[in-house]
Structure formats: C-alpha cells, structure tokens
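[1] coords please:
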Amino acid sequence: MANSTDAKKMTDEQIEERIIRLAFDGDALKYREFCAKLKSGLPEGTGVALRGSVVTNKRFEDGKPFDADGRGSSDLDVTLIGDKVMEFWNEDAFYIPALHTKPLCDENAAVAPSLNPLREELQKLAGRPVNFQATANIILYSRDVLFNEPYCTVIEAQKAS
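    Sure, this is the predicted structure:
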C-alpha cells in the first residue's frame, strides 16, 4: 500500500486496504462479512459508504490516528444512501428533511429503532462502535467536495425494483 496519508490521493483499493487494516485488524474475511450483513439487513437498493477516521486515519476532533486510544476506541461511521432506508428514521430525526438524518448510535438508538439490531450486530462483529446515518447521494458528495470529508463506497446504491 502506498504511504500516502491523504485519502484524496489514494486509490479506492488503497482506502479499502486501510479500512480492513484499521477497523478489522487486517482480516478481509471479517470485512466482507460486515459488508454482507449490511447488504442483507438493509432495504433493497441501499448504498453504503464508510466515512470518517477509518478512511482518513485522522480523527476529526483532534487529528490523532484511528484507534489512538486503543483497539476499538474509534467508531465506524456508516452512511446509508437511498430514499427507502431514510424511511426507517423517525420524522423528527433529520438534520435536513428527506435528505440527511441524525446518527443512529448507542446514545441515540431511538431515532431509527428497527435498524438498531443490525447496528448492534455489526458492532459485535467489528468489536467497536458503529454509527448509522442516512443521506442522499448529493449530500454525501457535497460533504466530500465542499468540506473535505472523503468516503469509501462499500455497496453501490441501486434502483430498487
């Protein structure tokens, strides 16, 4: 893998290698199982992207590396893309109605209660906190371009049949 620390200068494959190394202790099989559980537990057509320090290897708050405070101390920010998945969030759990939700996490499990069992299952598999947030593709793209918040698409959004 290239030594570049800037996710914007890395290939998708290099970013995926970083994710596997950082979040899954280098275990590609565990990463694939994580992705398969996501795909099977979400509405048809839902896209999935990973964002945050698992992609950049730099925590937003303080610039420290992923898991700087020990194994499992950094969370996985899982962004769910698509209209169908946004229907799982409570009406008052949106930052931007119909476009961008509040995070589903341990502290806020009631914002999308029917997705929480999947999130908790993924936490056990990954051995670390997992947060879900649903968004429209345009918001995800805008955050990348306007706010330098890169992401890695792990499941492409599809038109639901």
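
[2] what about the helices in this protein?
    12-23, 28-41, 53-56, 83-86, 116-126, 137-147 (DSSP state H).

[3] tell me which of these sits nearest to residue 6.
    Set against residue 6 and scored by CB to CB, the helices of the chain come closest in helix 53-56, at 8.2 Å. C-beta: built from backbone N, CA, C; applies to glycine.

[4] which other helices and strands does the closest one contact?
    Helix 53-56 sits against helix 12-23, with contacts defined as 3 or more CB pairs under 8 Å, 6 or more residues apart in numbering; DSSP states H and E.

[5] contacts for the helix it packs on, please.
    Residues outside helix 12-23 that contact it (CB atoms under 8 Å, 6 or more residues apart in numbering): 1-2, 4, 7, 10, 26-28, 31, 50, 54-55, 57, 66-67, 74, 76, 126, 128, 150, 152-154.

[6] now the angle between helix 28-41 and it, please.
    Calculated by axes from the mean of the first three to the mean of the last three CA atoms, to 10 degrees, helix 12-23 forms an angle of 100 degrees with helix 28-41.

[7] identify each buried residue in helix 12-23, please.
    15-23 (16 or more other CB atoms under 10 Å).

[8] reformat the residues you listed as JSON lines; add distance to residue 45 and pLDDT.
    Output for the buried residues of helix 12-23, formatted as JSON lines (distance: CB to CB, whole Å; pLDDT from 0 to 100):
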{"residue": "15", "distance to residue 45": "23", "pLDDT": "95"}
{"residue": "16", "distance to residue 45": "22", "pLDDT": "96"}
{"residue": "17", "distance to residue 45": "27", "pLDDT": "96"}
{"residue": "18", "distance to residue 45": "27", "pLDDT": "97"}
{"residue": "19", "distance to residue 45": "23", "pLDDT": "97"}
{"residue": "20", "distance to residue 45": "25", "pLDDT": "98"}
{"residue": "21", "distance to residue 45": "30", "pLDDT": "97"}
{"residue": "22", "distance to residue 45": "28", "pLDDT": "97"}
{"residue": "23", "distance to residue 45": "25", "pLDDT": "97"}
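
[9] the closest residue to residue 144 other than its chain neighbours: neighbour count?
    Nearest non-adjacent residue to residue 144, counting by CB to CB, 6 or more residues apart in numbering: residue 150, 5.6 Å away. Counted by other CB atoms under 10 Å, the residues lying close to residue 150 total 19.
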